[in-house]
Each structure stands twice: as C-alpha cells, then as structure tokens.
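1. Quick one, what's the 3D model for this:
(one chain, ligands or ions: 1)
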Amino acid sequence: MDFEKICKERYSVRSFSDKKVEEEKISAILNLVRLAPTAKNNQPYEVYVVSSEKGLEEMKSARANCYNAQLIFAVCADEEKAWKNFYSGENSTLQDVGIIATTIMYGAKEYGLEGIYICMFDPAKFAEVFDLPENLSPKCLVAVGYPAEDAAPSERHFQRREIEEFVHRV
Ligand SMILES: Cc1cc2nc3c(=O)[nH]c(=O)nc-3n(C[C@H](O)[C@H](O)[C@H](O)COP(=O)(O)O)c2cc1C
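-> Coordinates of the predicted model:
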C-alpha cells in the first residue's frame, strides 16, 4: 500500500476480531521498527509483544482497554540510553518512543492490519505484571489486529484542523 493511502485510510480501530495475527506479520512489523530513527541512533526502547493468552489476560490488570486486540506492542523507554539535549536537559525518550509506536501503527496497515495507540493504562501495574527492569518505563501500547465487522472510525476522527490553522510561515 502506498504511504498516502495508508495515511488517508488509517483510523483508530476500537473493535478487533478474534483472529490471531500471523507470526510473519509480527516479524515484518518488528523489522520496520528496527529501521526507525531515534536521537543519535541510541535506540532507547524495548518492545514487549503481548499475544499469548496469559499475556493478554495479564494486560487487564494494567487497566488497559485494548478493544479485544489479540496483539499488543508495549513500547517501553530506556531512560538510561536516551539522548539528552544539552540546552534543555530534556531527554528524547518520548519522541523516540512516539516514532516507534507510529512505525508499528503504519506498519500494521502495510500488512493488512489495523491498530490503535493506547496511553490510558497503568504503567506501574504493567511494569509489575511483566516484571520490567528498573530502567524501563512503559510509555505506550499499540493494539494491532484484524478489525471486527462493526469497526468504524469515531466522530472525532473526522475533526481535522485546516492547514492555515496550524501552519506558521516565517
Ligand atoms: C498518544 C496517543 C494516545 C492515545 N491513547 C488512547 C487511549 O488510551 N484510548 C483510546 O481509545 N484512544 C487513544 N488514542 C487514539 C486517539 O483518541 C485518536 O487517534 C484520535 O481521537 C483521532 O482519531 P483517529 O486515530 O481515528 O484519527 C491515542 C492516540 C494517541 C496519538
């Protein structure tokens, strides 16, 4: 699928079918992830792939509504590896993790899947349930799968600002 079509057809799917995602497609998405840019190429992320019955069940205690997705990528930031801006003192984890999550979401569409970003979950619970090392903080989930028959874009999906509203030519 070409990139313009992917961007135009993408929407957050909030109803997934029970169909499992094929292992080849999971690998294909992860292969795109490893090509993604990160600040100074520090690659300060770890990705937890949740697809087993046990893992999906345990996700519930992290208080995430994943809309019946059978595959969840949890993108975690490694604060120790992240690049730090000398001027602001801020590190790049959120930008890096955002790029990784977006690569997963658009990559999913490339392979005939749909996805949704989910930040509404309890990261401390996730870290506890999946026994994360101290240096990792789970930042965002991308639920991926085949859409259920009733899947449809939300009303919010169509509320888009005009280009003139957000562009400042200087
Ligand atoms: C950083 C981020 C966090 C989000 N977290 C959630 C979430 O926790 N639950 C949810 O249902 N949707 C979540 N979304 C999806 C947004 O609500 C959605 O992208 C937005 O409403 C635009 O709709 P669209 O994706 O269908 O175009 C999140 C999106 C982003 C980018």
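
2. use CA for all of it now, contacts and neighbours both
-> OK.

3. who touches the longest strand anywhere in the chain?
-> Looking across the chain with DSSP state E, the single longest strand is strand 136-145. With contact meaning Cα atoms under 8 Å, 6 or more residues apart in numbering, strand 136-145 is reached by 16-17, 19-21, 46, 66, 69-79, 94, 97, 101, 104-105, 108, 113-119, 123, 126-127.

4. If we use 7 Å, what do you get?
-> Residues outside strand 136-145 that contact it (Cα atoms under 7 Å, 6 or more residues apart in numbering): 16, 21, 66, 69-79, 101, 105, 108, 113-119, 123.

5. buried set for the helix or strand of the chain with the lowest mean pLDDT?
-> Least confident helix or strand, the chain: helix 53-59 with a mean of 93, by mean pLDDT, DSSP states H and E. Applying a neighbour-count criterion of 16 or more other Cα atoms under 10 Å, the buried positions in helix 53-59 are Gly55, Leu56, Glu58, Met59.

6. what's the closest of these to the ligand?
-> Met59 (13.5 Å; Cα to the nearest ligand atom).

7. Could you identify the helix or strand that succeeds the longest helix seen in the chain?
-> The longest helix of the chain (DSSP state H) is helix 93-110. Downstream of helix 93-110, the first helix or strand assigned by DSSP states H and E is strand 114-118.

8. That following strand vs the ligand: in contact?
-> Yes: legend: contact between strand 114-118 and the ligand by Cα under 6 Å from any ligand atom is shown at Tyr117, Ile118.
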